[in-house]
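> please work out how this folds:
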Amino acid sequence: MGRSQIRWNIGLLALLFLFCAGLFNPSYAQEGQKQAFAGELFGNPVPLGNYYFVKSAIMVFGNRWGANPKTPEEIEDCVWNDLLLSFQAFQMNVVVGDDEVEQEITKMLDNEKAGFSWKKDNTAYANWVKTKTGETTELFENQIKHLIQLQKLRKQVMDGLSPEVSEQEAHQEFLNEQNNLSLELIEFEKLKDAEEFYKKAKSDPKFWENEKSMRPKDFKLPGFVTLEFLIDIWKIPKDAAFDMMTKKIGDIYAARPIYKGFGVFKILEQKPAKEADYPAQKNSYYEQIRSRKKYAEFDEWLRDLKQKANIKIYKINQ
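Below you'll find the model as predicted:
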């Protein structure tokens with residue numbers, strides 16, 4: 001085991017023993033062992049102390065890098081992602097200063113409108129932390145330090161990424177965001193039912209409104225939104241969304257897939273993109289796509305790191 005790996009194991013473990021002793025249960029250790037382990041990273045054992053420290057931070061602060069985990073499997077995956085990133089942060093010597101921790105705590109209290117100076121009123125601060133997290137101030141502050149370290153690692157990795165963005169990509173993003181469309185749609189589970197509805201709606205001008213009066217819950221109004229919203233959120237095919245911009249107000253559009261099943265659409269309102277606006281906005285779209293690609297490349301970097309880490313998770317008796 002390398003010196004930096006040992007330092008990482010001792011570093012987080014020390015935080016736990018000093019500030020979170022209750023989270024580590026010595027009974028987990030096998031007979032003759034001084035310390036039990038939660039698993040392995042790069043062939044190095046991960047003490048249960050590290051595991052519970054990181055898991056506690058996730059349970060208190062949630063997942064700051066994506067959707068909050070809900071199932072036990074999602075929580076476990078989130079814990080091991082953060083354990084791996086913590087390990088990597090020590091490998092890359094990502095350091096967090098006391099001033100950074102203090103600034104983050106001050107910002108939290110200001111956002112909460114706590115109404116006291118946490119550095120001057122220790123009692124009020126301790127009570128606030130206990131009420132909000134159920135923890136001691138020492139554990140709370142070290143969790144904040146841990147989260148800042150992961151954030152700095154992510155920034156350091158992403159700052160080193162330089163994805164290329166083409167003129168075509170920037171212009172397409174402009175079109176996606178500047179074309180606006182208002183639709184009414186009806187949802188179906190089966191394509192054949194959607195196609196049958198479309199045929200009837202096309203042949204009978206009153207059919208749409210008659211059906212809506214009888215089954216209003218099946219009809220949806222996404223709002224007057226960008227094509228990007230319809231494509232990303234409603235999962236309407238891109239070609240269909242742009243084709244709808246060429247139709248007349250009141251037209252019925254044929255059945256296409258949506259986020260859940262299939263939809264038939266009625267065109268309510270349109271606002272086409274103004275090409276004359278593109279030159280002035282072009283750079284912002286370049287940056288927008290570059291940022292999106294950086295996040296995608298970071299996810300790829302993390303997947304590669306996880307593969308190299310050869311994570312092994314031991315069964316923990318709860």
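
> quick check: Phe87 touching Gly39?
No - counting by CB atoms under 8 Å, Phe87 stays clear of Gly39, with 11.6 Å between them. All C-beta atoms are positioned from the backbone trio N, CA, C, and that covers glycine.

> in space, what's closest to Thr133 - neighbours in sequence excluded?
Val60 (4.9 Å; CB to CB, 6 or more residues apart in numbering).

> now do stretch 128-136: everything it contacts.
With CB atoms under 8 Å, 6 or more residues apart in numbering as the test, stretch 128-136 has contacts from 19-20, 56, 60, 109, 112, 114, 116, 118, 126, 137, 140, 143.

> for the residue nearest to Thr133, phi and psi?
phi -80, psi -50 (degrees, to the nearest 10).

> next, count neighbours for Trp128.
20 (other CB atoms under 10 Å).

> low-scoring stretches of the chain, by residue?
Across the chain, the ranges flagged by pLDDT under 70 are 1-35, 317-318.

> hmm, back to that, can you report how many residues lie near the residue nearest to Thr133?
Count around Val60 with other CB under 10 Å applied: 15.

> need the contact list for it.
Thr133, Glu135, Phe140, Gln143.

> where does Gly250 fall, helix, sheet strand or coil?
At Gly250, secondary structure determined by DSSP: H, G, I helix; E, B strand; the rest coil is coil.

> can you give me the helices for the chain?
In the chain, the helices defined using DSSP state H lie at 3-19, 48-61, 72-91, 98-112, 122-133, 137-159, 167-178, 191-203, 207-214, 227-232, 238-244, 278-309.

> which residues sit against the fourth one?
Think helix 98-112. Phe116, Trp118, Lys119, Trp128, Lys132, Glu141, Ile144, Lys145, Ile148.

> can you give me phi and psi for the residue nearest the centre of the chain?
Central residue of the chain (CA atoms, centre = their mean): Gly66, 1.8 Å from the mean position. Per-residue torsions, Gly66: phi 170, psi -160 (degrees, to the nearest 10).

> same question, the one 4 residues further on
Here the main-chain torsion angles of Lys70 (degrees, to the nearest 10) amount to phi -120, psi -50.

> one more: Lys206?
According to degrees, to the nearest 10, Lys206 has phi -90, psi -10.

> so how many other residues sit close to it?
8.

> do Phe219 as well
16.

> I'd like the distance between it and Glu100.
Distance from Phe219 to Glu100, counting by CB to CB, to the nearest Å: 51 Å.

> and what of Phe298?
Phe298 sits 21 Å away from Glu100, going by CB to CB.
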